[in-house]
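Novice: Pasting the sequence and the predicted model now:
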Amino acid sequence: MDRAASCSKVDEAIANIQFDGELVEKKLFGSGHINDTFLATFKRADGHTNKCILQRMNHKVFEKPDELMENIWSITEHLKRKIIEQGGDPRRETLSVIPTKDGKSYYQDSIGCYWRGFQFIEDAVSFDRVEKPEQFYQSAVAFGRFQNMLADYPAETLHETIPNFHNTPARLEALKKAAKEDVVGRVKDVREELEFIYKRRKDACVLMNMLERGELPLRVTHNDTKLNNVMIDNVTGKSLCVVDLDTVMPGLALNDYGDSIRFGASTAAEDEPDLSKVWLDLKLFESYTKGFLDACGDSLTEKELDMLPMGAKIMTLECGIRFLTDYIQGDTYFKIHREHHNLDRCRTQLKLVADMERKWSQMTAIVQRYRTKKAPV
Ligand code: ADP
Ligand code: GN1
Ligand code: MG
């Protein structure tokens, strides 16, 4: 089913979720690659405006939306309790699910699509690109704190919403399979990219091997730590809230760190077609490292701290693998907005991997500098 058809039920979804007031406006919102997000504005009986987020969940990606929403419901309840204990404002510092009219956390429409509502986080924005290093520092603090607040969450009760999500060797196998099948005949155009990735197959296994040997702990992690999944307060400039909780699952802290670096510490957008503009920005790498270690450095083990640069490299390589796999398979997973979009995305990630290899000693020195000064914030 195409996106326009599935979104045709937006009014039906709105009518079945407990949004307060009369609908004034609805528009597509945000720039995520997976879900369809709308900003819906209502007028309450008292005349006040009530903004809400409405999302159509991508149930091709998330095959069990009921389990996904069970996770989100109980994670956000846990976060609310923590935020109240710490004297914060739970209406702005965590997502809040708006239940459906029959008291459920999601609505299934008449053509089988799944929808959910969230309170809109007012007076805050998320960024697709870092404008000032402070914003990137703030996003690191937000993800570090998020990990801390979930440190005592009962991980065994979480559903795995996407199995093997950050299993990089499994991602590599999926790429090899896609390349062998070559269903849309694109392999002839991506030989260089495939070769670049295959040369790094040993790197792809490093973290999973350490996990298997018990050298890295499994924690409750976010697993999709892009800059645009953090809301920054318009007035204070401080990070407020982490959104996009679909992939909160047991995972590696290094993956959360690395995913942020690959997206936010680049000198160009994730889909920049001109690779001469794409580099790892060491100043941004430093801002994020400082923020992450300020917020959660004390809870990381020595091995985790040692492996932070590797976390950045492997998550960047993995994302390049995923974009290339989707390109070879005919663009069925990530939303695309132009021809070869996934190939452009793949190329930026591989360019970043190469640049990280060149800047390895500087990356290691930066981590070294901040790991000695860790103090929770
Ligand atoms: P996707 O899974 O497609 O990335 P997200 O859940 O990240 O979808 O939502 C897309 C964008 O919508 C986010 O980057 C953020 O800017 C915005 N957003 C999401 N939830 C809220 C919210 N509760 N309040 C304000 N903005 C939000
Ligand atoms: C997707 O949903 P969004 O846009 O925040 C993807 C991430 C990728 C990212 C690449 C569930 O994130 O894993 O790293 O695109 N989310 C899922 O930009 O696959
Ligand atoms: Mg998102």
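Specialist: Perfect, thanks for sending it. All values derive from a computational prediction rather than experimental measurement. Ligands and ions are numbered 1, 2, ... in the order given.
Novice: so where do the helices sit in the stretch 101-250 of the chain?
Specialist: According to DSSP state H, counting those that start in this stretch, the stretch 101-250 of the chain carries its helices in the segments 133-149, 168-181, 191-199, 201-212.
Novice: out of those, deepest packed?
Specialist: helix 133-149 (a mean of 24; mean count of other C-beta atoms under 10 Å). All C-beta spots, glycine's among them, are computed from the backbone N, C-alpha and C.
Novice: Tell me how far stretch 39-52 lies from the chain's centre.
Specialist: Offset of stretch 39-52 from its chain centre (C-alpha atoms, centre = their mean, to the nearest Å): 29 Å.
Novice: same check, this time on stretch 359-369
Specialist: Relative to the centre of its chain, stretch 359-369 is centred 25 Å away, using C-alpha atoms, centre = their mean.
Novice: List the buried residues for that stretch?
Specialist: Using 16 or more other C-beta atoms under 10 Å as the burial criterion, the residues of stretch 359-369 that qualify are Lys359, Met363, Ile366, Val367.
Novice: Find the residue ranges of this protein scoring beneath the pLDDT cut-off.
Specialist: 1-6, 373-377 (pLDDT under 70).
Novice: switch the cut-off to 80
Specialist: Residues of the chain that meet the criterion pLDDT under 80 lie in 1-7, 372-377.
Novice: tell me which parts of it are close to ligand 1?
Specialist: The chain comes close to ligand 1 at residues 29-30, 32, 34-35, 37, 53, 95, 118, 120-121, 126, 228-229, 243-244, as judged by C-beta under 6 Å from any ligand atom.
Novice: Which of the buried residues of stretch 359-369 fall in strands?
Specialist: In strands, judged by DSSP state E, none of the buried residues of stretch 359-369 are found.
Novice: farthest-separated two in the residues you listed?
Specialist: Using C-beta to C-beta, the pair of the buried residues of stretch 359-369 lying farthest apart is Lys359 and Val367, separated by 12.1 Å.
Novice: if we can go back for a sec, near ligand 3, from the residues of the chain next to ligand 1?
Specialist: Residues of the residues of the chain next to ligand 1 in contact with ligand 3 (C-beta under 5 Å from the ion): Gly32, Asn229, Asp244.
Novice: Same list (those residues) but as CSV, adding neighbour count and distance to ligand 2.
Specialist: Output for those, formatted as CSV (neighbours: other C-beta atoms under 10 Å; distance: C-beta to the nearest ligand atom, whole Å):
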residue, neighbour count, distance to ligand 2
Gly32, 20, 4
Asn229, 25, 6
Asp244, 22, 5
